[in-house]
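**Student:** Compute the structure for the input listed below.
(chains A, B and C)
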Amino acid sequence: MDKRKTYSNGAGGASKRFRGEDEDTPMSTFEEELALLESEESELIASEDSLQPAPESQEVDARWSRPALPPLDPAADDITFQQMETDYYLGYPLPGMPGAQTGLIPIMRMFGVTSEGHSVCCHVHGFAPYLFVPVPEFFKPEWCATFQRVLNTAMMRETKSVTEVPQAVLDVELVKRQSMYGYQGAGPVPFLRITVAQPRLVAAAKRMLERGEVVVEQLGGWQYRAYESNVDFEIRFMIDTNVVGCNWITLPAGSWRRRAVDPSGGPQPVSLSQLEVDVAWNKFISHPPEGEWQKVAPIRILSFDIECSNRKGIFPEPEKDAVIQIANMVINQGDKDPFIRNIFTLKSCAPVVGSDVRSYEDEGVLLRDWADFIRQVDPDIITGYNINNFDLPYLINRAKALKVATFPFLGRIRGRRTEVKTTVLQSKQMGKRESNTINTEGRTQFDLIMFLRREYKLRSYSLNAVSFHFLQEQKEDVHHNMISTLQEGDAHTRRRLAVYCLKDAYLPLKLIDKLMCVINYMEMARVTGVPMSFLLTRGQQIKVVSQLLRKARQQGLVMPVYENKGGDTGESFEGATVIEPRKGYYDVPIATLDFSSLYPSIMMAHNLCYTSLLEPKDIDKYGLKPDQYIKTPSGNLFVKPSLRPGLLPEILRELLAARKKAKGDLKKETDPLRKQVLDGRQLALKISANSVYGFTGATVGKLPCLEISQSVTAFGRMMIEKTKEEVEKRYNIANGYKHDAKVIYGDTDSVMVRFGVSTVKDAMELGNEAAAFVSGKFVNPIKLEFEKVYFPYLLINKKRYAGLYFTRPEIHDKMDCKGIETVRRDNCPLLGNLINVCLQKLLIERDPDGAVDHAKQVISDLLCNRIDISQLVISKELTKTDADYSAKQAHVQLANKMKKRDPGNAPKLGDRVPYDPIYVLENSVPIDCQYYLENQLSKPLLRIFEPILGENKAESILLSE
DNA sequence: TAATGGTAGGGGAGGAAAGTAAGCGCGTAT
DNA sequence: TAGTGATACGCGCTTACATTCCTCCCCTAC
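**Tutor:** Here you go, the predicted structure:
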């Protein structure tokens, strides 16, 4: 890309750049600046006559660039970098590299950063896609050539559309493998490993083989079945080369060639990375993320936010409405503050202390320069708030409308146009959600709203609400119909807008730091082996698949391709037990015993896995004796580890052992950044272990196995039942204890026990003892642990309770509420707060009268219209498209109504629909207090007061007025 | 097209279904 | 003695209304 030297533009008149008056005095921080702005209408605004034309800004450009690359000698220097993104492209073979030498072939590409902060693009050559098919025992090695010829001929005929493939089937090799699905008896059996020229040919080969279109004489009518033909090519590469997401790679001296613009005729650089190299796929070293290789490179994270002009009441449309500001913040991962803070503004803007203001008269030039800025700064991660669904598509479409030819090249590959494609991702966990795919090769997009939607359940996902929730920082929203007014004012009003825009670019960085988003996802990528970008764009299954395939490969096992039956098969299995609660208010300590990692430990204890699953008919086939296999409570058969230790149990053991180690290291570690990394790691390991069970039960998935999942839950049901029995059988007066213990409730892996004792300390002692006692009744590594004591404890219903939570006898840790209105997002905040306060008064202060008074007060406030309207907003999520709803839903109707009023701002699929927004105020719709009292407040209030006060007294609260 | 972790369960909303009381017409006894 | 009208009452039917049940939907627990 051409070096841009100045921000003055030729087309639309000279652009101006403003500076603060006193360059030499230390500048206030951004926060102070914002605080100042909020407190008064700032003194910092320069008066018109102090405005100066922009000086040439060479020194600023230098600050944007990465540190200069030292000279490198391919013969003597290693290159080591943290790989951040791995993808592939189709290109022509490089002479001297392994693999196919003609045609268009896939070439892998790893983008990364060295520990000095240099960006690297590494082309990896010679790795080709493949699949397996089992063949009969009598298959002779010399038949491979025939097989290859026949298959190749058939594929060449069929796949004419695939251009520049001189040979579709590159290789056929006879190997020994074993299917991972079902116990297969003794040894490995013959498979063909079929290597093809391009990733898309894998599916074609599978189709032809399974359809019986490939006839090899010696095999007759052999029915082919494909294995591992559905593995993503990037994942395939990473598995086979032991690369995991975000790990460190070393290219040893002598193995790599640098691409440089020189006349020698070698391959030319195609990327914007500082260092671009070629290497053979089997020549680089991939470091497992352990020890020193847990470190993190100084990754550049760019956060940006845009503001658009808009016409009254109409959501901005890129074809018509201008981009008026773009704020940018760039930080090195691990640093405290951004080292670049700037804002591109349309028309003049008074200076903002601490930030670089760049003003333009011509919007097209602004966009052109912003794209140049991106390429100059060369960020590894691009973040922001809702950039995937708004900012990025808007900029791209706006640039298209203004015909800014150089704009849509935001990735690291020269000449690769950045485009927007909409996709729908649907999962049971997330519901249906639309998102855009925007290619920025080599730069990972990390839209914070997507992260938050996945990782946190919140009432509202507006940046404002999120900032308040996590940072206790409110950003004063500029209402969207104010934007144009501010823009059409003068340099000072535009400055106001700029300050908000800058803050919106800054908040995502603060949130990333506070929530450790990048670190945690990096660790998740390392643990599960997938690229970091998959964590936001793909589902849960790919992570398990990646781990499973890696483990399977070590043992010569291959994964079959499971064909999803079309439509809903309705297949399901029985889940966990929820013990019928003995509802009521307990003014005695209740001890809680939990199985730690219940499902993983069941799978480990009983060797439940694909590889150990035994078909009843196979008992005779393999001549198994009854002591060689087990029958699970759901009636499924699994062989014991002595015959074949399962893959899943092994994966789980490693995950849990690694977690234990990470937690141990975490305790010893003193460096705050490394502490964060370790904490992220242990969390990733825990989540990974827990998702293995879900994977086996995912009927629309890569490899469901209900025998495993239903056995797991059946064992779980048995165990919780047995725990209840054992505790009650032992802890009673007949056995010399002072009281009869009673299990009052339990869910899946926990039991709540009333031992009858009156102090927390006594309950803890008995809890510990009972946990150890019951653990002894189960197979290793199943362990029941004493976790906490609730005192007092209000048990309202299944999955609904509240209590004071004690982990030590002296003082409670917190008030714990489960399932009740305080933790639900579909009530108005008024109710949540009211219940919360009442519970605090009841449980902590032990002041029922105070609680009643408070409730009465709130009800009377409500009836007298003294409640802030924001407290009455109810929100619900739009989980499916309008047509998919079969029943009438209030929030769906509301969403449709909002769409008619203002199509741009209306809630979309996956958004939460807030009822009664500002609309109510503006249109002075009367608030139906009676509705709120009757439909929102009364029942929940009765539910918490009744067990404590009795029915009559509880009801009287509502009649107070 | 490709891709999509699980089940249990509370509770609200709304509609269908079954229940019930009121209203009415009709027949009949007085 | 037979016929007539007024009245009360039982019965079945219709209608309006309250209740229950069921399903959908959201969201949570684990």
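**Student:** Show me where the stretch 51-200 of chain A has its helices.
**Tutor:** A:58-64, A:143-158, A:199-210 (DSSP state H, counting those that start in this stretch).
**Student:** Would you tell me which one of those is buried the most?
**Tutor:** Greatest average neighbour count among the helices of the stretch 51-200 of chain A goes to helix A:199-210 (a mean of 20), per mean count of other C-beta atoms under 10 Å. Heads up, the C-betas are built off the backbone N, CA and C, glycines and all.
**Student:** hmm, the following helix or strand past that one in reach of DNA strand B?
**Tutor:** Downstream of helix A:199-210, the first helix or strand assigned by DSSP states H and E is helix A:233-240. No - under the criterion of C-beta under 7 Å from any atom of the strand, DNA strand B is not reached by helix A:233-240; the shortest gap measures 9.6 Å.
**Student:** who does helix A:233-240 touch, helix- and strand-wise?
**Tutor:** strand A:79-91, strand A:105-113, helix A:541-554 (3 or more C-beta pairs under 8 Å, 6 or more residues apart in numbering; DSSP states H and E).
**Student:** could you redo the ones you listed as CSV and give each row distance to DNA strand C, mean neighbour count and mean pLDDT?
**Tutor:** Compiled in CSV, these are given as follows (distance: least, C-beta to the nearest atom of the strand, whole Å; neighbours: other C-beta atoms under 10 Å; pLDDT from 0 to 100):
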stretch, distance to DNA strand C, mean neighbour count, mean pLDDT
strand A:79-91, 31, 21, 97
strand A:105-113, 36, 25, 97
helix A:541-554, 17, 21, 96
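**Student:** wait, which of the helices of the stretch 51-200 of chain A is closest to DNA strand C?
**Tutor:** helix A:199-210 (34.3 Å; C-beta to the nearest atom of the strand).
**Student:** ok, residues contacting that closest one?
**Tutor:** With C-beta atoms under 8 Å, 6 or more residues apart in numbering as the test, helix A:199-210 has contacts from A:88, A:106, A:129-131, A:133, A:151, A:154-155, A:158-159, A:162, A:165, A:168-169, A:194, A:196, A:214, A:224-226, A:229-230, A:233, A:561.
**Student:** Is it possible to get a markdown table of the helices of the stretch 51-200 of chain A that adds distance to DNA strand B and mean pLDDT?
**Tutor:** As requested, the helices of the stretch 51-200 of chain A are arranged in a markdown table below (distance: least, C-beta to the nearest atom of the strand, whole Å; pLDDT from 0 to 100):
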| stretch | distance to DNA strand B | mean pLDDT |
| --- | --- | --- |
| helix A:58-64 | 36 | 65 |
| helix A:143-158 | 15 | 92 |
| helix A:199-210 | 6 | 93 |
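**Student:** now these as TSV including distance to residue A:394?
**Tutor:** Converted to TSV, those look like this (distance: least, C-beta to C-beta, whole Å):
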stretch	distance to residue A:394
helix A:58-64	23
helix A:143-158	42
helix A:199-210	32
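**Student:** Save these as CSV, and put in distance to DNA strand C too.
**Tutor:** Listed next are the helices of the stretch 51-200 of chain A as CSV, based on distance: least, C-beta to the nearest atom of the strand, whole Å:
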stretch, distance to DNA strand C
helix A:58-64, 42
helix A:143-158, 43
helix A:199-210, 34
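**Student:** wait, which of these is closest to residue A:399?
**Tutor:** For the helices of the stretch 51-200 of chain A, proximity to residue A:399 was assessed by C-beta to C-beta; helix A:58-64 is nearest, at 20.6 Å.
**Student:** Can you tell me the element residue A:469 falls in?
**Tutor:** Residue A:469 belongs to helix A:463-471, assigned by DSSP H and E.
**Student:** Report the buried residues of that helix.
**Tutor:** A:463, A:464, A:466, A:467, A:469, A:470 (16 or more other C-beta atoms under 10 Å).
**Student:** looking at the helices of the stretch 51-200 of chain A, which is closest to residue A:672?
**Tutor:** Nearest of the helices of the stretch 51-200 of chain A (C-beta to C-beta): helix A:58-64, 26.5 Å.
**Student:** among the helices and strands packed on helix A:233-240, which is nearest residue A:181?
**Tutor:** From the helices and strands packed on helix A:233-240, taking C-beta to C-beta, the stretch that ends up closest is helix A:541-554, at 10.5 Å.
**Student:** ok, and what's touching that closest one?
**Tutor:** A:180, A:228, A:231-232, A:235, A:238-240, A:524, A:528-530, A:534-535, A:558-559, A:647-648, A:650-651, A:688, A:691-692, A:695, A:698, A:701-703.
**Student:** Recalculate using a threshold of 7 Å.
**Tutor:** Here helix A:541-554 makes contact (C-beta atoms under 7 Å, 6 or more residues apart in numbering) with A:180, A:231, A:235, A:239, A:528-530, A:534, A:558-559, A:647, A:650-651, A:688, A:691-692, A:695, A:698, A:701-702.
**Student:** for stretch A:679-696, same thing?
**Tutor:** With C-beta under 7 Å, 6+ apart, stretch A:679-696 has contacts from A:516, A:519-520, A:523-524, A:527-528, A:540-541, A:543-544, A:597, A:599-600, A:603, A:648, A:651-652, A:655-656, A:658-659, A:662-663, A:666, A:701, A:704-705, A:708-709, A:712.
**Student:** at contact distance from DNA strand B, anything in that stretch?
**Tutor:** Yes - using C-beta under 7 Å from any atom of the strand, stretch A:679-696 reaches DNA strand B at A:690, A:691, A:693, A:694, A:695.
**Student:** now swap in stretch A:85-100 and tell me
**Tutor:** No - Stretch A:85-100 stays clear of DNA strand B (C-beta under 7 Å from any atom of the strand), getting no nearer than 13.1 Å.
**Student:** As CSV, could you dump the C-alpha coordinates of that stretch?
**Tutor:** C-alpha atoms of stretch A:85-100 as CSV (Å, rounded to 0.1, in the frame of the first residue of the first chain):
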residue,chain,number,x,y,z
GLU,A,85,-5.1,-17.2,13.0
THR,A,86,-4.8,-20.2,10.7
ASP,A,87,-6.6,-20.5,7.3
TYR,A,88,-5.9,-21.7,3.8
TYR,A,89,-6.2,-20.5,0.3
LEU,A,90,-5.9,-22.1,-3.1
GLY,A,91,-2.6,-21.2,-4.8
TYR,A,92,0.1,-22.6,-7.0
PRO,A,93,2.8,-24.9,-5.7
LEU,A,94,6.1,-23.4,-4.7
PRO,A,95,9.1,-25.3,-6.2
GLY,A,96,11.0,-27.2,-3.6
MET,A,97,8.1,-27.7,-1.3
PRO,A,98,6.4,-31.1,-0.7
GLY,A,99,3.0,-32.1,-2.0
ALA,A,100,1.4,-31.7,-5.4
